[in-house]
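**Q** here are the coordinates; sequence isn't available:
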């Protein structure tokens with residue numbers, strides 16, 4: 001280009017950032033003859049998306065001028081990563097600086113809260129909306145509803161839902177999914193019926209929510225009825241996600257052979273998630289024969305996943321089949337497969353903490369293990385004739 005203006009530079013910068021090529025983006029940023037708020041915001045966004053919140057914060061702090069856009073980006077970035085204290089501190093600072101939220105900022109921050117489960121920040125946004133008497137559009141109220149529903153605040157979610165004057169399909173779907181993921185199957189089915197009576201036509205997302213609700217509550221017959229109504233009444237062809245829900249529902253309900261028949265009848269090729277769901281159901285109902293069939297398919301699709309081998313190996317052990325258990329362990333070793341530790345997370349004092357088995361990374365790990373051992377010693381003094389506890393060693 002003979003002449004490059006700010007738009008040209010920012011377009012290339014945005015391309016690098018969206019591709020996750022932050023080294024190239026930073027190098028280009030350094031070469032830019034002029035930088036505006038768009039340039040700085042692009043880098044803050046890029047670093048946030050690749051998870052480098054240190055660099056994102058450094059670029060944010062160095063900005064000569066900040067409008068609502070970079071504030072929204074950095075707060076959403078911290079919230080999405082579960083770093084609540086930083087997100088809340090910056091949100092408070094933004095309000096002290098006199099910046100007023102708009103639709104885009106509210107939706108972006110609430111979406112980040114919903115993804116990571118940071119209900120504390122979501123409540124702050126809600127408080128700001130009410131304090132400033134913000135006129136909420138339906139998309140904003142949907143974002144608020146979705147945040148509460150995904151974070152487990154179902155009473156607050158229902159209040160927001162009932163207060164939406166012009167509900168759209170997203171409103172109904174968000175409430176349905178919230179009820180489903182927290183095990184309120186009966187309420188979800190009642191809401192689905194209410195939705196149909198209100199004249200809303202369900203879409204494929206609606207049916208995923210309803211089928212998940214049936215799965216988590218064990219409503220096998222109701223789930224089968226909904227699955228068949230999808231195409232018959234609404235002309236919605238089931239996709240792999242709907243089949244996954246049904247296979248999970250049948251598997252949890254102990255109808256394993258019916259679940260296998262459904263897999264073989266699928267119009268698309270079953271993926272690793274489908275076979276993994278079946279394997280989990282086989283473990284739940286201790287059906288080694290079918291578990292072996294599911295494992296054979298999983299090995300073809302993803303031979304490096306250690307969890308699948310481990311499940312079947314443990315099933316052999318539970319059945320006292322030590323020979324097959326040993327063979328399974330040998331297969332794992334010969335394939336170079338090693339089981340990775342699972343992780344759990346918990347929010348304490350507005351901060352999300354993640355733990356793995358025998359984790360020593362957490363700054364308070366010594367105190368945590370000390371408390372576990374003390375609890376173990378206390379429990380030993382209680383009459384536990386029918387119960388035993390395994391105490392993690394404090395190294």
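**A** Sure thing, it's come through. Because the structure is a prediction, the values reported are computed rather than measured.
**Q** where do the strands of the protein begin and end?
**A** Applying DSSP state E to the chain gives strands spanning 343-348, 351-356.
**Q** could you list the low-pLDDT ranges of the stretch 101-250 of the chain?
**A** For the stretch 101-250 of the chain, applying pLDDT under 70 flags no range at all.
**Q** could you redo the last one with a cut-off of 90?
**A** Across the stretch 101-250 of the chain, the ranges flagged by pLDDT under 90 are 132, 134-135.
**Q** per-residue pLDDT, residue 58?
**A** You'll see residue 58 listed with a pLDDT of 96.
**Q** number of residues surrounding it?
**A** 13 (other C-beta atoms under 10 Å). Where C-beta positions appear, they are placed from N, C-alpha and C, glycine not excepted.
**Q** state the distance from it to residue 44.
**A** Distance of residue 58 to residue 44, computed by C-beta to C-beta, to the nearest Å: 9 Å.
**Q** again with residue 68
**A** 13 Å.
**Q** between these two, who's got more neighbours?
**A** residue 44 (29 against 14).
**Q** just the pLDDT for that one.
**A** 96.
**Q** check contacts around the closest residue to residue 107 other than its chain neighbours.
**A** Distance criterion C-beta to C-beta, 6 or more residues apart in numbering; nearest residue to residue 107, sequence neighbours excluded, is residue 143 at 4.5 Å. Counting by C-beta atoms under 8 Å, 6 or more residues apart in numbering, residue 143 touches 106-107, 110-111, 114.
**Q** rerun at 7 Å
**A** If you count contacts by C-beta atoms under 7 Å, 6 or more residues apart in numbering, residue 143 has them with 106-107, 110-111.
**Q** quick one: it from residue 103, how far?
**A** Here the distance between residue 143 and residue 103 works out to 9 Å (C-beta to C-beta).
**Q** what of residue 136?
**A** 8 Å.
**Q** between these two, who's got more neighbours?
**A** The residue with more neighbours, out of residue 136 and residue 103, is residue 136; 19 against 14, by other C-beta under 10 Å.
**Q** ok, that one touching residue 129?
**A** Yes: the pair residue 136 and residue 129 passes the contact test of C-beta atoms under 7 Å, sitting 6.4 Å apart.
**Q** if I pick the residue nearest to the spatial centre of the chain, what's in contact with it?
**A** By C-alpha atoms, centre = their mean, the chain has its centre lying nearest to residue 115, at 5.8 Å. If you count contacts by C-beta under 7 Å, 6+ apart, residue 115 has them with residue 80.
**Q** still on that earlier bit, out of the contacts of residue 143, who's the most crowded?
**A** Each of the contacts of residue 143 was scored for neighbours by other C-beta under 10 Å, and residue 110 scores highest at 27 neighbours.
**Q** which ones are touching that residue?
**A** Contacts of residue 110 by C-beta under 7 Å, 6+ apart are 122, 125, 143-144, 147.
**Q** out of those, which is most surrounded?
**A** residue 147 (31 neighbours).
**Q** contacting residues around stretch 239-259?
**A** Contacts of stretch 239-259 with the rest of the structure, by C-beta under 7 Å, 6+ apart, involve 204, 207-208, 211-212, 214-215, 218, 220, 223, 227, 230, 262-263, 266, 268, 271, 273-274, 277-278, 281-282, 284-285, 287, 290.
**Q** centre of the chain to it, how far?
**A** The chain centroid and the centroid of stretch 239-259 are separated by 21 Å, computed with C-alpha atoms, centre = their mean, to the nearest Å.
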